[in-house]
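In: Give me a 3D structure for the following:
(one chain, ligands or ions: 1)
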Amino acid sequence: MDYQTITLERQDGVAVVTLNRPDVLNALNGQMRAELRHAVAEGGGDARVVVLTGAGRAFCAGQDLGEGPNVAALNLEQVLRDEYHPLVRAITESPVPVIAAVNGTAAGAGASLALICDVVIAAESARFVQAFARIGLMPDAGGTWMLPRLVGPARALGAALFAEAIPAREAADWGMIWEAVPDAAFAVRWQARARQLADGPTLAYREMRAAMRASWGHAFEAHLEDEARRQGLCGQSRDFREGVLAFTEKRPAVFEGR
Ligand code: T3D
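Out: Here you go, the predicted model:
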């Protein structure tokens, strides 16, 4: 696919997808939704980690409010079902971890997309805005599912009702994101985390991510079964054999991701 609204760079097992409409703070139009979905689902190739980030001063300002002649006339339910949900699923069903490297403001569906990723690393100057209520909407693109799970119902609902910008440091203190990093160290930090995951046990990562997401729909006993089945898969992997061997040989493990 020839990308116009994003860029995709792949190097040494790391695929970096950059939202690239900085003039509108990387707001999502139909083309970007399609390209982003394609890049996450297929563009990564044999990458062992995918990073989402934004060009310019924002991560993503959510739905492009200038899209089409009249965005308020869109059938939102349809757009969500047909375009946003497949994008969200491309992230949650990715076989490899997805990092959101939040370089600046993440608002509306831009915040939902960041928070559905496996790891969120934000520059300290970034902020998370549940901007929906400001324009008469409710959070979407998985936001009403993910946010209360991350921060609890009181903070999730407060963030949605008041639609105030939550600074990255506060978001980290709330448990909304993995970490907030001083701006000067941001690029080095997310690149190091991407490298760490790209060199890690990809199969085990796949199973732990799936197990944790599945746990939210499981009763305890059913979950123990699911966990055991997944660990059985990990136990048959080359990476497990290598991990044990490396431990006994007192050297770092070299994981192949299978
Ligand atoms: O299908 C569906 O529609 C359903 C799905 C809905 C999901 C959603 O995401 S709904 C929520 C949509 N997003 C928003 O409501 C956020 C709108 N933007 C803002 O509130 C603010 O821009 C920010 C808080 C994100 C950042 O504020 P600030 O002061 O840093 O920047 P700014 O000056 O407001 O924006 C800079 C430019 O980006 C500006 O253009 P200009 O004046 O320089 O030509 C602004 O119009 C543009 N921009 C910002 N956000 C959007 C946008 N253009 C189009 N769509 C946007 N979402």
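In: Could you report the neighbour count for Glu124?
Out: 17 (other C-beta atoms under 10 Å). Yep, even glycine has a C-beta here, placed from its N, CA and C like the rest.
In: can I assume it is in contact with Arg169?
Out: Yes. Using C-beta atoms under 8 Å, Glu124 makes contact with Arg169 at a distance of 5.9 Å.
In: what is in contact with those two at once?
Out: In terms of C-beta atoms under 8 Å, 6 or more residues apart in numbering, Glu124 and Arg169 are both contacted by the residues Ala180.
In: Contacts only, for Thr114.
Out: Wrong residue type there; residue 114 is Ala, not Thr. Contacts of Ala114 (C-beta under 8 Å, 6+ apart): Leu52, Phe59, Cys60, Ala100, Val102, Ala106, Val120, Phe128, Ile177.
In: who wins for neighbours among those?
Out: Busiest of the contacts of Ala114 [other C-beta under 10 Å] is Ala106, holding 35 neighbours.
In: That residue looks like it's in a helix, true?
Out: No. Counting by DSSP: H, G, I helix; E, B strand; the rest coil, one finds Ala106 to be strand, located in no helix.
In: What is the burial count for Ala58?
Out: Counted with other C-beta under 10 Å, Ala58 comes out at 23.
In: distance of it from Asn20?
Out: Distance, Ala58 to Asn20, using C-beta to C-beta, to the nearest Å: 11 Å.
In: shared neighbours, the two?
Out: Common neighbours of Ala58 and Asn20 (C-beta under 8 Å, 6+ apart) are Asn26.
In: Give the helix, strand or coil label for Val50.
Out: strand.
In: Show the pLDDT at it.
Out: Val50 is assigned 98 on the pLDDT scale.
In: same deal with Val151?
Out: Model confidence at Val151 (pLDDT) stands at 98.
In: Let me see the contact set for it.
Out: Ala159, Trp174, Gly175, Met176.
In: Could you pick out the residues of the stretch 51-200 of the chain near the ligand for me?
Out: 61-66, 74, 76, 79-80, 105, 107-109, 129, 131-132, 134-135, 137, 140 (C-beta under 6 Å from any ligand atom).
In: Narrow those residues to just the buried residues.
Out: Among those, the ones that count as buried by 16 or more other C-beta atoms under 10 Å are 61-64, 79-80, 105, 107-109, 129, 131-132, 140.
In: Using JSON lines, lay out those residues together with pLDDT.
Out: Below are these laid out as JSON lines (pLDDT from 0 to 100):
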{"residue": "Ala61", "pLDDT": "98"}
{"residue": "Gly62", "pLDDT": "98"}
{"residue": "Gln63", "pLDDT": "98"}
{"residue": "Asp64", "pLDDT": "97"}
{"residue": "Val79", "pLDDT": "96"}
{"residue": "Leu80", "pLDDT": "98"}
{"residue": "Thr105", "pLDDT": "98"}
{"residue": "Ala107", "pLDDT": "98"}
{"residue": "Gly108", "pLDDT": "98"}
{"residue": "Ala109", "pLDDT": "98"}
{"residue": "Val129", "pLDDT": "98"}
{"residue": "Ala131", "pLDDT": "98"}
{"residue": "Phe132", "pLDDT": "98"}
{"residue": "Asp140", "pLDDT": "98"}
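In: What is the burial count for Asn29?
Out: With other C-beta under 10 Å as criterion, Asn29 counts 18.
In: okay, which residue is most central for this structure?
Out: Geometric centre of the chain, nearest residue: Cys117, 1.9 Å, by C-alpha atoms, centre = their mean.
In: quick one: that residue and the ligand, what's the gap?
Out: 16 Å (C-beta to the nearest ligand atom, to the nearest Å).
In: for the spatially closest residue to that residue that is not a sequence neighbour, what are its contacts?
Out: Leaving aside its sequence neighbours, Cys117 sits nearest to Ala100 (C-beta to C-beta, 6 or more residues apart in numbering; 3.9 Å). Ala100 makes contact with Val51, Leu52, Thr53, Phe59, Ala106, Leu113, Ala114, Leu115, Cys117, Val119, Val120, Ile121, according to C-beta under 8 Å, 6+ apart.
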